[in-house]
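J.: Fold the following for me, if possible:
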Amino acid sequence: MRLSQFGEKFARDCGILRLMDDLGSALAGGEAMISLGGGNPSRIPQVEACLRERMERGLQQGDTFERLVGNYAAPAGDRPFRQAVAGLLHREFDWPVTEANIALTNGSQTAFFYLFNMFAGRFSDGSRRKILLPLTPEYIGYADVGLDDDIFVSYRPEIEYLDGRRFKYRVDFDALQVTPHIGAICVSRPTNPTGNVLTDEEIGRLHALARHHDIPLIIDNAYGPPFPSILFKEVRPVWDERIVFCLSLSKLGLPGARTGIVVAAPEIAAAVAGANAVLSLAPGNFGAYMALDLVESGDVLRLSREVIRPHYQRKAMQALDYIAEELDGIDYYVHDPEGAFFLWLWFPGLPIGSQELYERLKARRVLVVPGHYFFPGLADDWQHRQECLRMNYAQEDAVVREGIRIIGEVVREAGTRG
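T.: Coordinates of the predicted model:
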């Protein structure tokens, strides 16, 4: 049996497949694993209670349940929920958006499949364009979503060294080139995998570049404000019809609902809805139903700011303390965690590659994500990418500490010393 190029693309091994397969096996399998690799959010009792109450209330309200599971949504997604999101963005940020600017997708991963293939690949005039990632490392899930291979161009960051074995990546604007072959610029903010938050100045400069070259700036805001607002410094999100702003319900506590939210110019939102119709008829109803009351009332803002953000900020600081204790004597740096719920560890001079480090940790029942997967589109063979790993600190504190302890042991055994 032969597969087309399309079939071969999805049959081969890739970083996001390995990540989700290991995560699923860890959650479903009988063997105890220390799962620091995936993107699962914490189980926060106050959030879970709120969502449970919403579900139970719906089950008691006439035929609400039957309509939820028995009806298709419109291709752009549930209209009352899109109206509620538009109203929240207008109240919170004074953005001039309506439901026509908003389309839902079956998860934000699906949204990026649509968007990247809309703005990169082969064009009708015979040209080919790419997505510019102005700062790597970037999200592992971007790497393989292009129907064409090689749809990314990315650049090394500048590295700023901070106190306490921390560092920070910054966009190297002197190196950045936006050529006619660039179809869009994309950043995540906060950045997955590092927890980096691009400054308002950096976003402003990227926005100006996008306007100058008549291309969109895509901002992946899966962890940012107004919800779930998992970032630990103040920023002001910006939007106009040159920006495609992507939200998600996953990190709010609904990863199983698979609900992505695209805020864009009406013609882009309509194109996303068209892709939904062709590929899946319509996005699912469940996430929009579960979050509707929270968004309409604005309670999602209170929950994000007063419960979700403090929860992760405490866990980030706790994880940094564990790292300082358990990695003592090792030459390491950790990216300053400014948001999301990952720590990005860098072991300069690591004598084994990041894939081998991953395999050795997996053999010790610790799942992380090897760093080399997070550099799509980087042309040069930068040794740095072989010296890093991403770990999730959203699990229980004791689990996180034990995972960090084993990471320290494995790195020491590999021969890395301070």
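J.: Next, residue 356: phi, psi?
T.: When read as degrees, to the nearest 10, the backbone of residue 356 gives phi -70, psi -40.
J.: so residue 262 bridges to which residues?
T.: Residue 262 has the following beta-bridge partners by DSSP bridges: residue 103, residue 246.
J.: hang on, it packs against residue 248?
T.: No - counting by C-beta atoms under 8 Å, residue 248 is not a contact partner of residue 262; they are 10.2 Å apart. For glycine as for every other residue, the C-beta is placed from the backbone atoms N, C-alpha and C.
J.: ok, how many other residues are close to residue 2?
T.: By other C-beta atoms under 10 Å, 5 other residues sit near residue 2.
J.: again with residue 79
T.: Residue 79: 13 neighbours (other C-beta under 10 Å).
J.: which residue ranges form the strands in the stretch 201-350 of the chain?
T.: Using DSSP state E, counting those that start in this stretch, the strands of the stretch 201-350 of the chain run over 217-220, 243-248, 260-263, 333-335, 342-346.
J.: what packs against the first one?
T.: Packed against strand 217-220 by the contact rule (3 or more C-beta pairs under 8 Å, 6 or more residues apart in numbering; DSSP states H and E) you find helix 108-119, strand 182-188, helix 200-212, strand 243-248.
J.: could the ones you listed go into JSON lines alongside distance to residue 147?
T.: JSON lines is the format used below for the helices and strands packed on strand 217-220 (distance: least, C-beta to C-beta, whole Å):
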{"stretch": "helix 108-119", "distance to residue 147": "5"}
{"stretch": "strand 182-188", "distance to residue 147": "13"}
{"stretch": "helix 200-212", "distance to residue 147": "23"}
{"stretch": "strand 243-248", "distance to residue 147": "19"}
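J.: Out of these, which one sits most buried?
T.: strand 243-248 (a mean of 25; mean count of other C-beta atoms under 10 Å).
J.: By mean pLDDT, which helix or strand of this protein comes out lowest?
T.: Taking mean pLDDT, DSSP states H and E as the measure, the chain has helix 15-28 as its least confident helix or strand, at a mean of 62.
J.: next SSE after that one?
T.: strand 34-35 (DSSP states H and E).
J.: In its sheet, which strands sit next to that next one, and in what direction?
T.: strand 366-367 (parallel).
J.: Quick one: mean pLDDT for the strand it pairs with?
T.: Strand 366-367 shows a mean pLDDT of 95.
J.: Partner strands of whichever helix or strand comes after it, with direction?
T.: Scanning forward in sequence from strand 366-367 by DSSP H and E, the next helix or strand is strand 369-370. Strand 369-370 sits in its sheet next to strand 388-392 (antiparallel), going by DSSP bridges.
J.: List the buried residues in the next helix or strand after the strand it pairs with.
T.: For strand 388-392, the following helix or strand on the C-terminal side (DSSP H and E) is helix 397-414. Buried residues in helix 397-414, counted by 16 or more other C-beta atoms under 10 Å: 399, 400, 401, 402, 403, 404, 405, 406, 407, 408, 410, 411.
J.: Of the strands of the stretch 201-350 of the chain, which is nearest residue 64?
T.: strand 260-263 (22.1 Å; C-beta to C-beta).
J.: how far does the closest one sit from the chain's center?
T.: With C-alpha atoms, centre = their mean, to the nearest Å as the basis, strand 260-263 stands 13 Å off its chain's centre.
J.: Buried residues, that strand. List them.
T.: 260, 261, 262, 263.
J.: Also stretch 229-236?
T.: Applying 16+ other C-beta under 10 Å to stretch 229-236 flags 229, 230, 231, 232, 235 as buried.
J.: Report the beta-bridge partner residues of residue 35.
T.: Residues in beta-bridge contact with residue 35 (DSSP bridges): residue 367.
J.: doesn't residue 367 make contact with it?
T.: Yes - here residue 35 reaches residue 367: they are 5.0 Å apart, a contact under C-beta under 8 Å.
J.: Export the buried residues of stretch 229-236 as CSV, with columns for pLDDT.
T.: Listed next are the buried residues of stretch 229-236 as CSV, based on pLDDT from 0 to 100:
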residue, pLDDT
229, 97
230, 97
231, 94
232, 96
235, 93
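J.: Could you count how many residues lie near the residue lying closest to residue 113 once chain neighbours are set aside?
T.: Nearest residue to residue 113 in three dimensions, chain neighbours excluded: residue 145, at 4.5 Å (C-beta to C-beta, 6 or more residues apart in numbering). Using other C-beta under 10 Å, residue 145 has 23 neighbouring residues.
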